[in-house]
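Trainee: Got a predicted structure here, sequence first:
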Amino acid sequence: MAAWQPLAPDDVEAVLRIADVIHSELPEGAHVFAERIRLFPEGCLALVKQGNGNGDRELCGYTISHPIRRRQPPALDAVLGAIPPDASQYYIHDLCVLPEFRGQGLAGQGIRRLLSVAAANPGRFPDGACLVSVYGTVSFWARYGFSPPEPAIDAALAEKVRGYGEDARYLEGPAASP
C-alpha cells in the first residue's frame, strides 16, 4: 500500500535512487530535483509506502511538475532558475512508480493530483498541460487526455524533445483532471 504526499527537500536522495531504476538512460542531477521542489513544491509529490512500522518515510515513486511558457519545457538535466511569470502551460516533468508498485492505479492517482494543482489555479494555464513521453508511453498518457499537438511542434522543440531519447514524444492535454 502506498499514498501520495508532498515531496520534501529531504526526499531528493530517495528520488535519485528511484530515478536510477526508472530513468537510468535519462539521468538528472540532485540539483534539478531540489530546484523543482523549491520553486514549485505544490507540483512535487512523493509516493510513500505505508505501514512499514518503523516510522521511516520510504518512497516508491515521485512526480515533478511545474509551470512553463507554452511549449518551452526544460532540457533534460537543466535548471529553471525561476518559474516564468508569464508561464501559461503546466508541465509534468516526471512521474515514476517503482515496478513492484505498478498495476494498483497509483500512477493515475498521481496524475489526477497533479492536474488538480493546475485546476486549482483557474486561468493560470490557458495552454493546458504538457509532458515529454518516454519509453513508448504515449498510449498510457492518452488515457489521461494527452496526445500529440496540432499544429505540430516546431524544429527547436523537436530537437529538445530528442534529448529525452529517440522514442520521446511531446504531448499536450488538459490542465484539469479528466
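Mentor: The structure has been received and is ready for your questions.
Trainee: any idea of the mean pLDDT in the longest helix along the chain?
Mentor: Here the longest helix in the chain is taken by residue count, with DSSP state H as the criterion, and it is helix 106-119. The average of the pLDDT scores along helix 106-119 is 94.
Trainee: So for that helix, what gets flagged as buried?
Mentor: Within helix 106-119, the residues scored as buried using 16 or more other C-beta atoms under 10 Å are 106-107, 109-115, 117-119. Every residue, glycine included, has its C-beta placed from N, CA and C.
Trainee: what's the answer for stretch 115-133, then?
Mentor: Buried positions in stretch 115-133, judged by neighbour count with 16+ other C-beta under 10 Å: 115, 117-119, 125, 127-133.
Trainee: Helix, strand or coil: sort out Y91 for me.
Mentor: The assignment at Y91 comes out as strand when based on DSSP: H, G, I helix; E, B strand; the rest coil.
Trainee: Please verify my assumption that it contacts C130.
Mentor: Yes. Contact criterion C-beta atoms under 8 Å: Y91 and C130 qualify, at 5.6 Å.
Trainee: which one of the buried residues of helix 106-119 is nearest R69?
Mentor: For the buried residues of helix 106-119, the minimum distance to R69 (C-beta to C-beta) is 15.0 Å, reached by A118.
Trainee: Wait, that closest one touches A129, no?
Mentor: Yes. Applying C-beta under 8 Å as the test, A118 and A129 come out as touching, 6.0 Å apart.
Trainee: who touches both of those two?
Mentor: Each of 90, 175 lies in contact with both A118 and A129 under the rule C-beta atoms under 8 Å, 6 or more residues apart in numbering.
Trainee: Enumerate the beta-bridge partners assigned to V132.
Mentor: Each beta-bridge partner of V132 is listed here: Y170, as defined by DSSP bridges.
Trainee: From what I see, it and V161 are in contact.
Mentor: Yes. In this structure V132 lies within contact range of V161 using C-beta under 8 Å: 5.6 Å.
Trainee: what's V97 sitting at in phi/psi?
Mentor: Taking degrees, to the nearest 10, you get phi -130, psi 130 for the backbone angles of V97.
Trainee: Does the nearest residue to it once chain neighbours are set aside fall in a helix, a strand, or a coil region?
Mentor: Nearest non-adjacent residue to V97, counting by C-beta to C-beta, 6 or more residues apart in numbering: G61, 3.9 Å away. Following three-state DSSP, the label given to G61 is strand.
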